[in-house]
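**Student:** Provided below are the primary sequence and the corresponding predicted coordinates.
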Amino acid sequence: MKLALTLEEQSLQFDRCAKLYDKYCTTYPLDLIDEIIKKSKIQPGDEILEIGSGNGEATQFFAQDYPMVCIEPGASLVEICKGKLIKPKKISYYIERFENWNNEGKRFKLIISGQALHWVPLGLRYVKVSQSLNHGGYMGLFWNMYLNDETELCNDLSNLCKQYNVLTFKTEQQVNNQIKAFEQEIIHSGQFSETNLNIFPWQKRYTFDTFLGFLKTGLGYQNLNVEHTNLFNDELKRWFDLSNGFLDLKIHCVLYLSKKADKSL
């Protein structure tokens, strides 16, 4: 019987397949980046802290104009990030988990985290972010959420991925419920005075090969045994054959931009 992985072990799933993850991971809409810069009122000399910088998918949009401190426990992902950035302004890397990182009293005007802060234990994540922010500083959290548009084909794909536990598609209502729940989590932390919520809809086209590559970066697919891997791959191929060889995946990129409360640490 396979022992359940700890949160720390699960969070390193992408580092185990770093090159594959860099090739197939989803990106972020430029409108989201512009919104963070505009609303946080960050200036070119202001240093940004990024939690879970990974392969630099979000880092690359900030690093040419702003000095950055990047925290990422995956050493292979950090190396990919370093190779991806062209003439970054100034950047420092810490290969460790955010909850273990010693900021030595340093504070930032903006802290960002894409697809990552949920890996930090709930009891620590918002308090430590707040402790690392200047008064009036901002926390920008963002995630891509994958939509089931509830057509027959998309329902079939959603059910297939759910059956093998390789990816979670959510209906519009389920996405809205999750967005509200996470917003309440931030509010109830007591560390932030306001949270501005923005949703950036976008779409990505996949073929069988590119979608399978994307799934291979996830823990669900990595945990399939050989028999289930072959069965799933065959069923997925049949689905793509029925859908003319491609999937136009609808994605909501959700941004929570929160201002540090005056009373917080």
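**Tutor:** It's in.
**Student:** tally of neighbours for residue 197?
**Tutor:** Applying other Cβ atoms under 10 Å, we find 14 residues neighbouring residue 197. (Glycine included, C-beta is placed from N, CA and C.)
**Student:** swap that for residue 235, please
**Tutor:** Using other Cβ under 10 Å: residue 235 sits among 14 other residues.
**Student:** what sits against it?
**Tutor:** When contacts are counted by Cβ atoms under 8 Å, 6 or more residues apart in numbering, residue 235 touches residue 160.
**Student:** let's go with 10 Å and repeat that
**Tutor:** Residue 235 sits next to 156-157, 160, 163-164 when contact means Cβ atoms under 10 Å, 6 or more residues apart in numbering.
**Student:** mind checking which of those are buried?
**Tutor:** For the contacts of residue 235, a neighbour count by 16 or more other Cβ atoms under 10 Å gives the buried set as 157, 160, 164.
**Student:** out of those residues, which is nearest to residue 199?
**Tutor:** Distance to residue 199, by Cβ to Cβ, is smallest for residue 157 among the buried ones among the contacts of residue 235, at 22.3 Å.
**Student:** what sits against residue 95?
**Tutor:** 15, 70-79.
**Student:** what about the helices in the stretch 101-250 of the chain?
**Tutor:** Using DSSP state H, counting those that start in this stretch, the helices found in the stretch 101-250 of the chain span residues 122-131, 152-163, 172-188, 208-216, 219-222, 226-242.
**Student:** need those in a markdown table (columns: mean pLDDT and distance to residue 86).
**Tutor:** A markdown table is the format used below for the helices of the stretch 101-250 of the chain (pLDDT from 0 to 100; distance: least, Cβ to Cβ, whole Å):
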| stretch | mean pLDDT | distance to residue 86 |
| --- | --- | --- |
| helix 122-131 | 95 | 29 |
| helix 152-163 | 98 | 36 |
| helix 172-188 | 96 | 33 |
| helix 208-216 | 97 | 25 |
| helix 219-222 | 94 | 31 |
| helix 226-242 | 98 | 35 |
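**Student:** wait, which of those is closest to residue 40?
**Tutor:** helix 122-131 (13.6 Å).
**Student:** for that closest one, buried residues please.
**Tutor:** For helix 122-131, by 16+ other Cβ under 10 Å, it's 125-126, 128-130.
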